[in-house]
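Undergrad: have a look; sequence and predicted model below, questions after that.
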Amino acid sequence: MEALRGISMTCAAGEFVCLLGLSGCGKSTLLQMIGGLETPSTGQIIVDGRELDGPSRSTSIVFQDHGLFPWQTVRSNVEFNMKARGIAAAERRTRAEEMLALTGLSAFATRYPHELSGGMRQRVGIARALTTKPRALLMDEPFGALDAQTRGRLQSELLEIWVAQRTTVLFVTHSIDEAVFLADRILVFTPRPGRLAADVRVDLSRPRDPRSEGFAELARSLRMALGTDGGSE
């Protein structure tokens, strides 16, 4: 199956880029290739100035399924990526505490995943991904399984974290409203095989109001680019 065709794109340091497309268009496949989890059949992926030949220490991935270990506490889950890289225990603890504070989870450090809400579990996944100080944070529809209210709250919290860290973010979504709310740039994908239909710069100031005329106008233009005129998804 040909998932993607003729993709050529770049992301600047500190940029927030959304990959927007209908389900099955290959955007998650592209994200996994950028993360070194899939190998492209043709072409190159350059991360931090070097051609990618496997998972890169410059990137961390957050999936829709948070993937927490149920038998470990929140703190232990947050420390896991650092432990896997052989970082000393004292440094792991210090960095984990920083990320727990950043994501508002300090009071829950000794809890277990089953004691947390879905939104809090996803925040643990984000904290874990940030502990290794990635140059790029790759996010594959991380809020897709959450209710609308929790999703909106986490979108705002993610932007606060991004402002504090200024990590490059590549964020996969099929929600037009989510892309407009979050992104500096939106890359619009065609149905499979995924191709870049548009590269849209979002010039709206933050925080963005989904009820504003500018927000609605950009959402309408993105629906046209996607070839759909119904809803925001």
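TA: Perfect, thanks for sending it.

Undergrad: quick one: residue 52 and residue 36 touch, right?
TA: Yes: in this structure residue 52 lies within contact range of residue 36 using Cβ atoms under 8 Å: 5.4 Å. In short, each C-beta sits where N, CA and C put it, glycine included.

Undergrad: beta partners of residue 51?
TA: Taking DSSP bridges, one finds residue 46 as the beta-bridge partners of residue 51.

Undergrad: what about it, how many residues nearby?
TA: 8 (other Cβ atoms under 10 Å).

Undergrad: do you know how far the closest residue to residue 63 other than its chain neighbours is from residue 97?
TA: Distance criterion Cβ to Cβ, 6 or more residues apart in numbering; nearest residue to residue 63, sequence neighbours excluded, is residue 140 at 5.1 Å. Distance check for residue 140 against residue 97: by Cβ to Cβ, to the nearest Å, it reads 27 Å.

Undergrad: higher neighbour count, these two?
TA: With neighbours defined as other Cβ under 10 Å, residue 140 and residue 97 compare such that residue 140 has more, 20 against 15.

Undergrad: which pLDDT value belongs to residue 168?
TA: At residue 168, the pLDDT value in this model is 95.

Undergrad: now do the contacts for it.
TA: Neighbouring residues of residue 168 by Cβ atoms under 8 Å, 6 or more residues apart in numbering: 11-17, 135-137.

Undergrad: switch to 7 Å and redo it
TA: The contact partners of residue 168, by Cβ atoms under 7 Å, 6 or more residues apart in numbering, come to 11, 13-15, 135-136.
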